[in-house]
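Undergrad: Sequence and predicted structure below; questions after.
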Amino acid sequence: MFRLYNKTDQVYASPDDFATEAEAAAYAAAFRRRFARQGYYLTAECCRIDPADIELVIEPVASP
């Protein structure tokens, strides 16, 4: 299992876990595309950045 961490805003990009790293990567790509039409991503600190610059990190979920 994997999680997608939004390092730019220091929160998880999705409340859901992903079964594979590939699923998490696909979600990351779709996450960035959501902001392409408006041309920027507004960070939690109210900075406009290019959607390609959103730092998304795929993290393995620790086993209990």
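TA: Thanks, I have the structure now. Numbering: from 1, shown residues only.

Undergrad: Quickly note the distance from Ser63 to Arg32.
TA: Taking C-beta to C-beta, to the nearest Å as the measure, Ser63 falls 29 Å from Arg32. Every residue, glycine included, has its C-beta placed from N, CA and C.

Undergrad: Show me which of these two is the more surrounded one.
TA: Neighbours were counted for Ser63 and for Arg32 using other C-beta atoms under 10 Å; Arg32 has more, 17 against 5.

Undergrad: Just to check, the more buried one is in contact with Ala52?
TA: Yes - if you go by C-beta atoms under 8 Å, Arg32 and Ala52 touch, sitting 6.4 Å apart.

Undergrad: Pull out the buried positions in stretch 19-39.
TA: 23-24, 27-28, 31-32, 35 (16 or more other C-beta atoms under 10 Å).

Undergrad: want to throw those residues into a markdown table with distance to Leu42 and pLDDT?
TA: Shown next, in a markdown table, are the buried residues of stretch 19-39 (distance: C-beta to C-beta, whole Å; pLDDT from 0 to 100):
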| residue | distance to Leu42 | pLDDT |
| --- | --- | --- |
| Glu23 | 26 | 98 |
| Ala24 | 23 | 98 |
| Tyr27 | 20 | 98 |
| Ala28 | 18 | 97 |
| Phe31 | 14 | 96 |
| Arg32 | 13 | 96 |
| Phe35 | 8 | 94 |
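
Undergrad: how about the strands of this protein, start to end?
TA: 2-6, 11-12, 41-42, 48-49, 56-60 (DSSP state E).

Undergrad: Identify each buried residue in the first one, please.
TA: Of the residues in strand 2-6, those scored as buried under the neighbour-count criterion (16+ other C-beta under 10 Å) are 2-6.

Undergrad: Could you point out which of the residues you listed is nearest to Cys46?
TA: Asn6 (15.4 Å; C-beta to C-beta).

Undergrad: Against Ile58, how distant is Asp17?
TA: 11 Å.

Undergrad: what's the overlap in contacts for these two?
TA: 2-3 (C-beta atoms under 8 Å, 6 or more residues apart in numbering).
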